[in-house]
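Participant: next comes the sequence, and after it the predicted model I'd like to discuss.
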Amino acid sequence: MHPYEVLLRPLITEKSQWLVGYSQPQYSFEVDHRATKPQVKEAVEIAFNVSVTRVNILIIAAKRKKNPRARTEVQRSKQWKKAIVQVKEGDRIALFEGVK
């Protein structure tokens, strides 16, 4: 898999912004469901020119939603994969800086 196909979008939430404030900041991304930890590490290092020290991957389960207009119809959101990447002390990703 090509490194630019691994990262789908950055996740900018209240918790992810809180993790950026550490001396060794952590950044969250939605990644392709086929991506592995080494592929995520390589993609972040190439795309943002930082040194990655740790990668955690979580699979976010699909959630059920009821449609109030159709009583029998139940919709499901898709299952997706999230990566939390910790970079070396002193490195920053400018994409996340200043977003509140």
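Facilitator: Nice, thanks for sending it over.
Participant: strands of this protein, start to end?
Facilitator: 7-10, 26-31, 52-60, 64-66, 74-76, 80-87 (DSSP state E).
Participant: what's the angle from the second one to strand 52-60?
Facilitator: In other words, strand 26-31. 50 degrees (axes from the mean of the first three to the mean of the last three CA atoms, to 10 degrees).
Participant: tell me where the model's unsure across this structure.
Facilitator: Applying pLDDT under 70 to the chain picks out residues 98-100.
Participant: let me know the outermost residue of it.
Facilitator: Distance from the centre of the chain peaks at Arg71, with 34.3 Å (CA atoms, centre = their mean).
Participant: who touches the nearest residue to Arg76 once chain neighbours are set aside in this structure?
Facilitator: Of all residues not flanking Arg76 in the chain, Ala62 sits nearest, at 5.0 Å (CB to CB, 6 or more residues apart in numbering). Placement of C-beta: from N, CA and C, glycine included. By CB atoms under 8 Å, 6 or more residues apart in numbering, the contact list for Ala62 reads 76-79.
Participant: any figure for the gap between Ala62 and His33?
Facilitator: 12 Å (CB to CB, to the nearest Å).
Participant: who touches both of those two?
Facilitator: The contact lists of Ala62 and His33 share Gln79, where a contact means CB under 8 Å, 6+ apart.
Participant: which outside residues touch stretch 27-35?
Facilitator: In contact with stretch 27-35 (CB under 8 Å, 6+ apart) are residues 1, 5-11, 13, 16, 19-20, 40, 43-44, 57, 79-85, 87, 93, 96.
Participant: buried ones among those?
Facilitator: 6-7, 16, 19-20, 40, 43-44, 81, 83-85, 87, 93, 96 (16 or more other CB atoms under 10 Å).
Participant: ok, what's across the strand from the residue nearest the centre of the chain?
Facilitator: What sits nearest the mean C-alpha location of the chain, by CA atoms, centre = their mean, is Phe29, with 1.6 Å. Phe29 has the following beta-bridge partners by DSSP bridges: Pro10, Ala83.
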